[in-house]
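Engineer: Structure for this input, please:
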Amino acid sequence: QVQLVESGGGLVQPGGSLRLSCAASGSIFRLGMVGWYRQVPGKQRELVAGLNSWRMPNYADSVKGRFTISIDNAKNTLYLQMNGLKPEDTAVYYCNMQALGSDRSGYRDFWGQGTQVTVSS
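Structural biologist: Numbers count the residues shown, from 1 in each chain. Predicted coordinates:
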C-alpha cells in the first residue's frame, strides 16, 4: 500500500507564497503521472499542475507563470511552489500519484489527505 502525506498549506496574504509537499511512502517500485488538484465547496476538483511519465509539466491557465510543480525522485516527494497567490487560489489542495507497487501488478491511483490554502488579507 502507498500513503501520501501532504504538508505546507496555510493562510497567506495576497501576493504571498507557499510551498506544498506530498511525500509518498510504502511499497513503491516506480511513480507514474503525478499532480496537484484543488477543490472549493460546491465545485469539482480541478487539475492545477501535473507531471507526465516523462516529467513534462502542464499547468492550468489560471496558475501559469505563478506555480511550479517539481518532484524529488529520490525522496518520492512532490512539490508545488505557489507564488503570487490570489484570493481565488483559496481551496483544499490534493496531491495525486500513480504508483507501481513492488509487486509490479499495475499502476494504481493514490490521493493525499488534502491541505487547506487560504489567501486573504
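Engineer: what sits up against stretch 9-28?
Structural biologist: Defining contact as Cβ atoms under 8 Å, 6 or more residues apart in numbering, one finds that stretch 9-28 is touched by 1-8, 31, 36, 75-87, 93, 95, 97, 99-103, 110, 112, 115-121. Every residue, glycine included, has its C-beta placed from N, CA and C.
Engineer: buried stuff in stretch 84-104?
Structural biologist: Neighbour counts using 16 or more other Cβ atoms under 10 Å place 85, 89-101 of stretch 84-104 among the buried residues.
Engineer: Mind telling me what element the residue nearest the centre of the chain is part of?
Structural biologist: Most central in the chain under Cα atoms, centre = their mean is W36, positioned 2.8 Å from the mean C-alpha point. According to DSSP states H and E, W36 maps onto strand 28-39.
Engineer: re the thing from before, which ones among the contacts of stretch 9-28 lie within helices?
Structural biologist: Among the contacts of stretch 9-28, no member is found in helices (DSSP state H).
Engineer: who's in contact with the closest residue to I69 other than its chain neighbours?
Structural biologist: Excluding the flanking residues, the one nearest I69 by Cβ to Cβ, 6 or more residues apart in numbering is A49, at 3.9 Å. For A49, the contacting residues are G35, W36, P57, N58, Y59, A60, V63, F67, T68, I69, L80, by Cβ under 8 Å, 6+ apart.
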